[in-house]
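> below: sequence and its predicted model.
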Amino acid sequence: KAGVTQTPRYLIKTRGQQVTLSCSPISGHRSVSWYQQTPGQGLQFLFEYFSETQRNKGNFPGRFSGRQFSNSRSEMNVSTLELGDSALYLCASSFDRKSHYGYTFGSGTRLTVV
Amino acid sequence: GDSVTQMEGPVTLSEEAFLTINCTYTATGYPSLFWYVQYPGEGLQLLLKATKADDKGSNKGFEATYRKETTSFHLEKGSVQVSDSAVYFCALRLKTSYDKVIFGPGTSLSVIP
(Lines give C-alpha, C1' and ligand atoms only; values in the text may rest on other atoms or scores of the structure.)
Protein backbone atom coordinates (compact mmCIF):
# COMPACT_ATOMS: atom_id res chain seq x y z
CA LYS A 1 0.00 0.00 0.00
CA ALA A 2 1.52 3.29 -1.11
CA GLY A 3 2.28 5.82 1.58
CA VAL A 4 1.60 9.53 1.63
CA THR A 5 3.33 11.16 -1.32
CA GLN A 6 4.45 14.75 -1.23
CA THR A 7 5.87 16.59 -4.20
CA PRO A 8 8.26 18.15 -4.74
CA ARG A 9 10.73 17.04 -2.06
CA TYR A 10 12.82 20.18 -2.29
CA LEU A 11 12.04 23.66 -3.52
CA ILE A 12 13.96 26.92 -3.66
CA LYS A 13 11.98 30.10 -4.24
CA THR A 14 12.64 33.81 -4.16
CA ARG A 15 10.92 36.25 -1.83
CA GLY A 16 7.65 37.47 -3.27
CA GLN A 17 7.03 34.40 -5.39
CA GLN A 18 4.29 31.90 -4.77
CA VAL A 19 4.51 28.14 -4.40
CA THR A 20 2.17 25.16 -4.60
CA LEU A 21 2.85 21.93 -2.75
CA SER A 22 1.07 18.67 -3.44
CA CYS A 23 0.04 15.77 -1.24
CA SER A 24 -1.48 12.43 -2.24
CA PRO A 25 -2.85 10.60 0.81
CA ILE A 26 -2.98 6.88 1.39
CA SER A 27 -5.71 5.31 -0.68
CA GLY A 28 -8.94 5.38 1.31
CA HIS A 29 -7.82 8.14 3.65
CA ARG A 30 -10.21 11.06 3.53
CA SER A 31 -8.61 13.53 5.91
CA VAL A 32 -5.50 15.50 4.98
CA SER A 33 -3.72 17.86 7.36
CA TRP A 34 -0.78 20.15 6.77
CA TYR A 35 1.90 21.14 9.26
CA GLN A 36 4.84 23.51 9.08
CA GLN A 37 7.97 22.33 10.88
CA THR A 38 10.80 24.69 11.81
CA PRO A 39 13.62 24.31 14.35
CA GLY A 40 12.35 27.23 16.40
CA GLN A 41 8.59 26.66 16.36
CA GLY A 42 8.37 22.90 16.03
CA LEU A 43 5.26 21.48 14.38
CA GLN A 44 2.61 24.09 13.70
CA PHE A 45 -0.79 23.15 12.36
CA LEU A 46 -1.78 24.84 9.12
CA PHE A 47 -5.13 23.33 8.13
CA GLU A 48 -7.13 20.16 7.73
CA TYR A 49 -9.32 19.07 4.86
CA PHE A 50 -11.98 16.40 4.86
CA SER A 51 -14.36 15.67 1.99
CA GLU A 52 -13.04 18.65 0.05
CA THR A 53 -13.88 21.07 2.88
CA GLN A 54 -11.53 22.88 5.21
CA ARG A 55 -12.46 21.70 8.70
CA ASN A 56 -9.78 23.35 10.83
CA LYS A 57 -7.35 26.17 10.34
CA GLY A 58 -4.27 27.17 12.31
CA ASN A 59 -2.98 30.64 13.08
CA PHE A 60 -1.31 31.43 9.80
CA PRO A 61 -1.84 34.49 7.60
CA GLY A 62 -4.11 34.39 4.61
CA ARG A 63 -1.10 33.92 2.32
CA PHE A 64 -1.36 30.26 3.26
CA SER A 65 -4.23 28.45 1.60
CA GLY A 66 -5.14 24.98 0.53
CA ARG A 67 -7.69 22.80 -1.09
CA GLN A 68 -8.69 19.19 -1.42
CA PHE A 69 -9.90 17.44 -4.52
CA SER A 70 -12.57 14.77 -4.90
CA ASN A 71 -9.89 12.04 -4.91
CA SER A 72 -8.65 13.37 -1.52
CA ARG A 73 -5.44 14.74 -2.97
CA SER A 74 -4.57 18.08 -1.47
CA GLU A 75 -2.56 21.12 -2.39
CA MET A 76 -1.35 24.01 -0.33
CA ASN A 77 -0.35 27.35 -1.70
CA VAL A 78 1.78 30.08 -0.21
CA SER A 79 1.69 33.46 -1.92
CA THR A 80 4.11 36.36 -1.55
CA LEU A 81 6.77 34.22 0.03
CA GLU A 82 8.81 35.56 2.93
CA LEU A 83 12.15 34.37 4.25
CA GLY A 84 10.38 33.10 7.37
CA ASP A 85 8.35 30.68 5.28
CA SER A 86 11.43 28.51 4.87
CA ALA A 87 10.48 25.24 6.53
CA LEU A 88 9.65 21.60 6.11
CA TYR A 89 6.00 21.29 5.13
CA LEU A 90 4.46 18.01 6.17
CA CYS A 91 1.27 16.47 4.94
CA ALA A 92 -0.51 13.89 7.05
CA SER A 93 -3.43 11.71 6.09
CA SER A 94 -5.91 9.90 8.29
CA PHE A 95 -8.71 7.49 7.50
CA ASP A 96 -11.18 9.58 9.41
CA ARG A 97 -11.34 12.49 11.82
CA LYS A 98 -12.14 10.46 14.91
CA SER A 99 -9.72 10.66 17.78
CA HIS A 100 -8.28 7.15 17.69
CA TYR A 101 -6.99 7.51 14.18
CA GLY A 102 -3.39 8.58 14.05
CA TYR A 103 -1.75 10.28 11.13
CA THR A 104 0.40 8.85 8.39
CA PHE A 105 2.90 11.47 7.31
CA GLY A 106 4.63 12.08 4.03
CA SER A 107 8.35 12.78 3.85
CA GLY A 108 7.69 16.47 3.48
CA THR A 109 8.60 19.27 1.12
CA ARG A 110 11.64 21.28 2.14
CA LEU A 111 10.99 24.88 1.07
CA THR A 112 13.83 27.38 1.08
CA VAL A 113 13.04 31.04 0.42
CA VAL A 114 16.00 33.19 -0.62
CA GLY B 1 -5.77 25.37 26.05
CA ASP B 2 -4.89 21.81 25.17
CA SER B 3 -1.18 21.13 25.09
CA VAL B 4 1.59 18.57 25.32
CA THR B 5 4.80 18.97 27.30
CA GLN B 6 7.88 16.85 26.78
CA MET B 7 11.19 16.63 28.59
CA GLU B 8 13.93 18.85 27.27
CA GLY B 9 16.48 17.31 24.98
CA PRO B 10 18.80 16.39 23.54
CA VAL B 11 19.09 13.05 25.28
CA THR B 12 22.30 11.09 24.76
CA LEU B 13 22.48 7.43 25.78
CA SER B 14 24.88 4.57 25.30
CA GLU B 15 23.71 1.56 23.36
CA GLU B 16 21.66 -0.90 25.47
CA ALA B 17 20.78 1.78 28.03
CA PHE B 18 17.23 2.22 29.34
CA LEU B 19 15.23 5.03 27.80
CA THR B 20 12.51 7.17 29.31
CA ILE B 21 11.09 10.25 27.61
CA ASN B 22 8.54 12.04 29.75
CA CYS B 23 5.32 13.39 28.32
CA THR B 24 2.47 15.11 30.10
CA TYR B 25 -0.62 16.67 28.64
CA THR B 26 -3.37 19.16 29.36
CA ALA B 27 -6.70 18.48 27.72
CA THR B 28 -10.27 19.57 28.25
CA GLY B 29 -11.59 16.20 27.15
CA TYR B 30 -10.32 12.64 27.12
CA PRO B 31 -7.75 12.40 24.38
CA SER B 32 -6.17 9.61 22.46
CA LEU B 33 -2.40 9.72 22.92
CA PHE B 34 0.35 9.02 20.43
CA TRP B 35 4.09 8.82 20.08
CA TYR B 36 5.62 9.66 16.72
CA VAL B 37 9.24 9.30 15.65
CA GLN B 38 11.09 11.34 13.04
CA TYR B 39 14.34 10.04 11.57
CA PRO B 40 16.71 12.52 9.92
CA GLY B 41 15.41 13.83 6.63
CA GLU B 42 12.06 12.10 6.91
CA GLY B 43 8.50 12.78 7.95
CA LEU B 44 6.99 11.55 11.20
CA GLN B 45 6.02 7.93 11.73
CA LEU B 46 3.41 6.72 14.17
CA LEU B 47 5.26 4.66 16.77
CA LEU B 48 2.44 3.70 19.15
CA LYS B 49 -0.86 4.89 20.52
CA ALA B 50 -3.33 4.47 23.39
CA THR B 51 -6.95 5.50 23.24
CA LYS B 52 -8.14 5.19 26.85
CA ALA B 53 -6.88 5.25 30.41
CA ASP B 54 -4.56 2.38 31.44
CA ASP B 55 -4.08 1.30 27.82
CA LYS B 56 -0.51 0.39 26.96
CA GLY B 57 0.75 1.06 23.47
CA SER B 58 3.78 -0.87 22.27
CA ASN B 59 5.83 -1.23 19.11
CA LYS B 60 9.44 -2.12 18.24
CA GLY B 61 10.35 -2.53 21.92
CA PHE B 62 8.92 0.86 22.88
CA GLU B 63 6.06 1.12 25.38
CA ALA B 64 3.91 3.86 26.86
CA THR B 65 1.02 3.64 29.31
CA TYR B 66 -1.90 6.10 29.34
CA ARG B 67 -2.01 7.43 32.92
CA LYS B 68 -5.13 9.51 33.39
CA GLU B 69 -4.43 10.29 37.05
CA THR B 70 -1.09 11.90 36.24
CA THR B 71 -2.03 12.99 32.69
CA SER B 72 1.10 11.34 31.40
CA PHE B 73 2.20 9.08 28.57
CA HIS B 74 5.89 8.43 29.12
CA LEU B 75 7.82 6.55 26.43
CA GLU B 76 10.14 3.72 27.54
CA LYS B 77 12.46 1.21 25.97
CA GLY B 78 14.54 -1.31 27.85
CA SER B 79 17.60 -1.37 25.59
CA VAL B 80 18.17 1.32 22.97
CA GLN B 81 20.10 0.83 19.75
CA VAL B 82 22.02 3.28 17.58
CA SER B 83 19.20 3.00 15.05
CA ASP B 84 16.78 4.51 17.60
CA SER B 85 18.51 7.89 17.23
CA ALA B 86 15.73 10.23 16.13
CA VAL B 87 13.36 12.91 17.37
CA TYR B 88 10.37 11.66 19.36
CA PHE B 89 7.08 13.56 19.50
CA CYS B 90 4.29 13.02 21.99
CA ALA B 91 0.85 14.00 20.70
CA LEU B 92 -2.82 14.00 21.59
CA ARG B 93 -6.10 14.09 19.74
CA LEU B 94 -9.28 15.02 21.56
CA LYS B 95 -12.32 12.77 21.58
CA THR B 96 -14.81 15.45 22.36
CA SER B 97 -14.36 17.30 19.12
CA TYR B 98 -13.12 16.52 15.68
CA ASP B 99 -9.93 18.44 16.19
CA LYS B 100 -6.39 18.38 15.01
CA VAL B 101 -3.55 16.39 16.51
CA ILE B 102 -1.57 18.51 18.97
CA PHE B 103 2.15 17.78 19.12
CA GLY B 104 4.72 18.33 21.80
CA PRO B 105 8.00 20.08 20.95
CA GLY B 106 9.88 16.85 20.36
CA THR B 107 12.81 15.23 22.18
CA SER B 108 15.98 14.49 20.28
CA LEU B 109 17.63 11.17 21.15
CA SER B 110 21.19 10.23 20.23
CA VAL B 111 22.40 6.72 20.95
CA ILE B 112 26.15 6.21 20.87
CA PRO B 113 27.88 2.85 20.41
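Yep, that arrived.
> go through stretch A:62-71 and flag the buried ones.
A:64-66, A:68 (16 or more other CB atoms under 10 Å in any protein chain shown). In short, each C-beta sits where N, CA and C put it, glycine included.
> for the residue in chain B that chain A sits nearest to, list the residues it contacts.
Closest contact between chain B and chain A, by CB to the nearest CB, is at B:Gly43 (3.7 Å). B:Gly43 makes contact with A:4, A:6, A:90, A:92, A:105-108 under the criterion CB atoms under 8 Å, 6 or more residues apart in numbering or on different chains.
> around A:Phe47, count how many other residues there are.
With neighbours defined by other CB atoms under 10 Å in any protein chain shown, the count for A:Phe47 comes to 22.
> ok so, going back, if we check chain B, which of the contacts of B:Gly43 are in contact?
Taking CB under 8 Å from any CB of the partner chain, the overlap between the contacts of B:Gly43 and the neighbourhood of chain B is A:4, A:6, A:90, A:92, A:105-108.
> give me phi/psi at B:Asp84?
Here is the backbone geometry of B:Asp84 (degrees, to the nearest 10): phi -80, psi 0.
> in strands, which of the buried residues of stretch A:62-71 fall?
Judged by DSSP state E, the buried residues of stretch A:62-71 include A:64-66, A:68 as members of strands.
> next, format those residues as a markdown table and append pLDDT.
Below are these laid out as a markdown table (pLDDT from 0 to 100):
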| residue | pLDDT |
| --- | --- |
| A:Phe64 | 98 |
| A:Ser65 | 97 |
| A:Gly66 | 97 |
| A:Gln68 | 97 |
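> and the buried residues of stretch A:62-71, which is closest to chain B?
Nearest to chain B among these is A:Gly66, at 13.7 Å by CB to the nearest CB.
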